[in-house]
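Trainee: I'd like to go over a predicted model; first the sequence, then the structure.
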Amino acid sequence: MNSRIKKKKKFYIHTLGCKVNQYESQAMREILSRAGFSECSRKEGADIYVLNTCTVTHHADREARYWLGYFHRANPKAKIIATGCYVEKDSDDIASLPGITHIIRNQDKNRIADILNPIRNTQYSILKPVNQLSITGFKGHNKAFVKIQDGCENSCSYCKVPLVRGYLKSRPIDNILAEIEALAANGFKEMILTGICLGAWGIDLFPALNAKEAGLDAANLVDALKTIDKVKGDFRIRLSSIEPKYVTDELIEYVAGNKRVCRHLHIPLQSGDDEILKRMNRPYSAKDYRALIDKARSKIKDVAITTDVMTGFPGETEGHFNNTVNFLKTILPARAHIFSYSKRKGTAACKMDGEIKSDIMKKRHCKLDTLAVTASYLYRKRFLNRTLDVLVEEKRDKVSGQAMGYSDNYIKVYFDGPDGLAGKIVPIRIEDVNMTTTLGVYDGK
């Protein structure tokens with residue numbers, strides 16, 4: 001064996017947080033692999049650890065510190081790279097932790113191979129630094145997140161994300177199309193368009209122009225969807241979280257009339273009380289939100305409306321909280337992610353009076369969780385004895401051993417079926433629905 005050929009360095013990536021982070025971890029995975037590194041399947045066997053952090057709550061910060069410590073204990077000689085949103089404002093704190101060798105900001109994730117001083121020998125050629133993060137696959141998934149924009153133009157009083165992600169940065173449509181074409185060619189059946197402020201795609205590119213005036217195929221989100229729909233391939237398109245103000249009549253009409261776009265809109269609510277919404281600096285009232293949901297449901301048959309709801313915001317009285325409970329009872333979302341307020345340094349809410357005690361916050365969280373489970377059950381129950389097209393996951397359920405997958409309207413279905421269905425969209429008849437699970441039958445055709 002040629003003694004000049006060095007053993008490949010093994011890296012391990014762990015991701016915390018949102019879909020954008022998951023996308024960026026996949027992009028870094030591909031950059032490192034192309035640069036001659038080898039991905040390690042076991043946490044304990046890596047020479048290089050990459051932690052892609054989140055900072056949306058104090059729990060996320062704590063989790064990041066835990067994993068950084070875990071990696072150092074697993075291999076004290078390894079390089080440990082901290083990247084992601086937590087490092088943007090707290091890099092000094094992270095740098096003081098034992099074993100940290102590199103801190104990489106979000107904007108420099110595309111330079112990770114160069115920063116790590118990649119292997120330079122005759123066997124492994126080193127590519128030039130990439131200007132734009134991009135992916136051709138998505139490890140462990142048969143659906144792929146496609147990041148189409150970054151940054152946020154909103155100023156919610158509780159949110160640290162604009163501080164660490166900056167202002168709007170839309171990805172050029174040609175770049176998006178090239179990535180989706182590659183993913184479709186590699187067999188991915190679902191493209192999940194994602195971003196920090198997804199609905200704002202295109203605003204920063206040509207803020208005063210529409211697509212026709214600019215001579216473009218796309219200048220807003222609906223234009224982008226129309227252009228993506230022209231890509232050949234057997235795949236469906238899903239929108240990730242989108243703020244209420246971007247759910248326009250045009251978007252609703254397009255989703256309603258296009259079979260390729262999933263019947264699923266995740267529209268964050270945060271609170272069902274107008275006073276709390278105002279303190280949160282959310283630009284709508286509960287009445288506005290209800291009207292939007294009613295419109296979407298009237299236009300898009302069987303649409304799944306999912307949402308985020310926060311409890312424990314500073315100044316939230318029992319009356320405010322009950323307004324949120326009652327509001328959720330009226331809209332009954334297909335799914336609701338319930339989370340507790342977390343004080344974030346640098347945000348307007350951090351200085352607000354009226355901090356909610358932890359025991360009260362936990363009780364409110366529990367009550368909203370129970371309501372969310374009930375609402376989900378009532379939505380899923382509507383599909384008993386109906387057939388849904390389900391994208392089958394690669395992994396089976398660990399407990400039952402059953403196959404599982406998601407319908408286009410975001411119902412997770414469990415059923416008995418052969419391994420060969422993984423990665424395919426197949427018709428499943430819904431046979432049983434309970435409070436937590438939806439069971440189906442594959443007819444074998």
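Mentor: Arrived safely, thanks for sending. The structure displayed is predicted, hence computed values, not measured ones.
Trainee: what's the neighbour count on residue 439?
Mentor: By other C-beta atoms under 10 Å, 16 other residues sit near residue 439. C-beta: built from backbone N, CA, C; applies to glycine.
Trainee: what of residue 267?
Mentor: As a burial measure, the neighbour count of residue 267 was computed by other C-beta under 10 Å and equals 21.
Trainee: who are the contact partners of it?
Mentor: Under the criterion of C-beta atoms under 8 Å, 6 or more residues apart in numbering, the contact partners of residue 267 comprise 241-244, 247, 289, 292-293, 305-307.
Trainee: can you lay out the residues you listed as TSV showing neighbour count and pLDDT?
Mentor: Below are the contacts of residue 267 laid out as TSV (neighbours: other C-beta atoms under 10 Å; pLDDT from 0 to 100):
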residue	neighbour count	pLDDT
241	20	97
242	22	98
243	19	97
244	19	97
247	21	97
289	23	98
292	20	98
293	22	98
305	25	98
306	20	98
307	24	98
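Trainee: next, count neighbours for residue 153.
Mentor: For residue 153, the tally of surrounding residues (other C-beta under 10 Å) stands at 14.
Trainee: point me to the helix or strand that includes it.
Mentor: Using DSSP states H and E, residue 153 sits within no helix or strand.
Trainee: just residue 41 next, same as before
Mentor: With elements delineated by DSSP H and E, residue 41 resides in a region that no helix or strand encompasses.
Trainee: hmm, back to that, and of the contacts of residue 267, the nearest to residue 264?
Mentor: Of all these, residue 306 has the smallest distance to residue 264: 7.0 Å, by C-beta to C-beta.
Trainee: any idea how far residue 436 is from the closest one?
Mentor: For residue 306, the distance to residue 436 (C-beta to C-beta, to the nearest Å) stands at 16 Å.
Trainee: please apply the same query to residue 153.
Mentor: Here the distance between residue 153 and residue 436 works out to 37 Å (C-beta to C-beta).
Trainee: can you show me the strands along the stretch 151-300 of the chain?
Mentor: Counting by DSSP state E, counting those that start in this stretch, residue ranges of the strands within the stretch 151-300 of the chain are 169-170, 190-195, 236-239, 264-266.
Trainee: where does the prediction get shaky in the stretch 301-445 of the chain?
Mentor: With pLDDT under 70 as the threshold, the stretch 301-445 of the chain has low-confidence stretches at 445.
Trainee: all helices for it, in order.
Mentor: In the stretch 301-445 of the chain, the helices defined using DSSP state H, counting those that start in this stretch lie at 318-331, 358-381.
Trainee: and the nearest residue to residue 112 once chain neighbours are set aside, what does it touch?
Mentor: Closest residue in space to residue 112, ignoring its immediate chain neighbours: residue 28 at 5.2 Å, by C-beta to C-beta, 6 or more residues apart in numbering. With contact set as C-beta under 8 Å, 6+ apart, residue 28 has these partners: 13, 50, 52, 83, 109, 112, 133.
Trainee: just send the strands of the stretch 151-300 of the chain back as JSON lines, with mean neighbour count and distance to residue 73 too.
Mentor: Output for those, formatted as JSON lines (neighbours: other C-beta atoms under 10 Å; distance: least, C-beta to C-beta, whole Å):
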{"stretch": "strand 169-170", "mean neighbour count": "20", "distance to residue 73": "37"}
{"stretch": "strand 190-195", "mean neighbour count": "24", "distance to residue 73": "33"}
{"stretch": "strand 236-239", "mean neighbour count": "21", "distance to residue 73": "38"}
{"stretch": "strand 264-266", "mean neighbour count": "24", "distance to residue 73": "37"}
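Trainee: and of those, who's closest to residue 42?
Mentor: strand 190-195 (28.1 Å).
Trainee: who touches the closest one?
Mentor: 18-20, 23, 142-150, 180, 183-184, 201, 224-225, 228, 235-241, 262, 391.
Trainee: can you select the buried ones among those for me in PyMOL?
Mentor: Selecting in PyMOL just the buried members of these, where the criterion is 16 or more other C-beta atoms under 10 Å, is done with this command:
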select buried, resi 18+19+20+23+142+143+144+145+146+147+148+149+150+180+183+184+201+224+225+228+235+236+237+238+239+240+241+262+391
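Trainee: mean pLDDT and distance to residue 344 added to the strands of the stretch 151-300 of the chain, as CSV?
Mentor: What follows is the strands of the stretch 151-300 of the chain, written out as CSV (pLDDT from 0 to 100; distance: least, C-beta to C-beta, whole Å):
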stretch, mean pLDDT, distance to residue 344
strand 169-170, 94, 22
strand 190-195, 98, 20
strand 236-239, 98, 26
strand 264-266, 98, 22
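Trainee: dump those strands into TSV; add distance to residue 311 as well.
Mentor: Putting the strands of the stretch 151-300 of the chain into TSV (distance: least, C-beta to C-beta, whole Å) gives the following:
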stretch	distance to residue 311
strand 169-170	32
strand 190-195	25
strand 236-239	26
strand 264-266	18
